[in-house]
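K.L.:
The sequence and its predicted three-dimensional model are supplied below.
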Amino acid sequence: MKLKLSLYVIFIILLVNPFISFASDNAFLNSHIKGNVPDESDFKTLLSRDLNNYFSNSLKKSINTEYVLLRDGPTQSGVAYPKYYLWVKCYNVDNLIIEGAVRIAAIEKTHFEITNFVSLEDIRKGKININEIFPMPVCKVIRTYINK
């Protein structure tokens, strides 16, 4: 009887353990997101600032950006900073200078770091494989912009 009870207890522990692990992993990921993603009231301001600075420095001219999120919410993988995926258009005055897909990291609620930018032109010419940078669901959305 004790052996059956012990086996039953072991079975229950093994059955429930993945759910406990998932719940604790999920809590860790959520805390990492909360610790790095700016508050909603600051999000757009900080993101616009950092995109404008990045592209102004990169293109060596004053740039204003417009963006669209390619995926709702951040993507969290392990202990890396939460990532966002955007389609960005860069303007100098009213002239479109460049557009493309961007991967950014949210860092300590204070700023965003652009980790990758792939221009529409480079994507169309096949110079860069977007599948190596962006998750598959995001690549599908990027392809809708390529075909416009």
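P.N.:
All right, it came through fine.

K.L.:
Check the secondary structure at the closest residue to Asp122 other than its chain neighbours for me.
P.N.:
In space, and not counting its chain neighbours, Asp122 is closest to Ile128: 5.0 Å by CB to CB, 6 or more residues apart in numbering. Glycine gets a C-beta too; all of them are placed from N, C-alpha and C. Secondary structure state of Ile128, per DSSP: H, G, I helix; E, B strand; the rest coil, is coil.

K.L.:
and Ile128, how many neighbours does it have?
P.N.:
Using other CB atoms under 10 Å, Ile128 is surrounded by 16 other residues.

K.L.:
With Val68 instead?
P.N.:
11.

K.L.:
Which of the helices or strands spans it?
P.N.:
strand 64-69 (DSSP states H and E).

K.L.:
How far away from the center of its chain is the next helix-or-strand element following that strand?
P.N.:
The first helix or strand that comes after strand 64-69 along the chain, using DSSP H and E, is strand 83-92. On the basis of CA atoms, centre = their mean, to the nearest Å, strand 83-92 sits 12 Å off its chain's mean C-alpha point.

K.L.:
could you check the angle strand 64-69 makes with strand 83-92?
P.N.:
For strand 83-92 against strand 64-69, the angle by axes from the mean of the first three to the mean of the last three CA atoms, to 10 degrees is 150 degrees.

K.L.:
What residues of strand 83-92 count as buried?
P.N.:
Lys83, Tyr84, Tyr85, Leu86, Trp87, Val88, Lys89, Cys90, Tyr91 (16 or more other CB atoms under 10 Å).

K.L.:
can you give me the strands in this protein?
P.N.:
64-69, 83-92, 95-107, 111-119 (DSSP state E).

K.L.:
Would you confirm that Tyr145 contacts Leu120?
P.N.:
Yes. Counting by CB atoms under 8 Å, Leu120 is a contact partner of Tyr145 at 7.0 Å.

K.L.:
what do these two both touch?
P.N.:
Glu99 (CB atoms under 8 Å, 6 or more residues apart in numbering).

K.L.:
No more questions from me, cheers.
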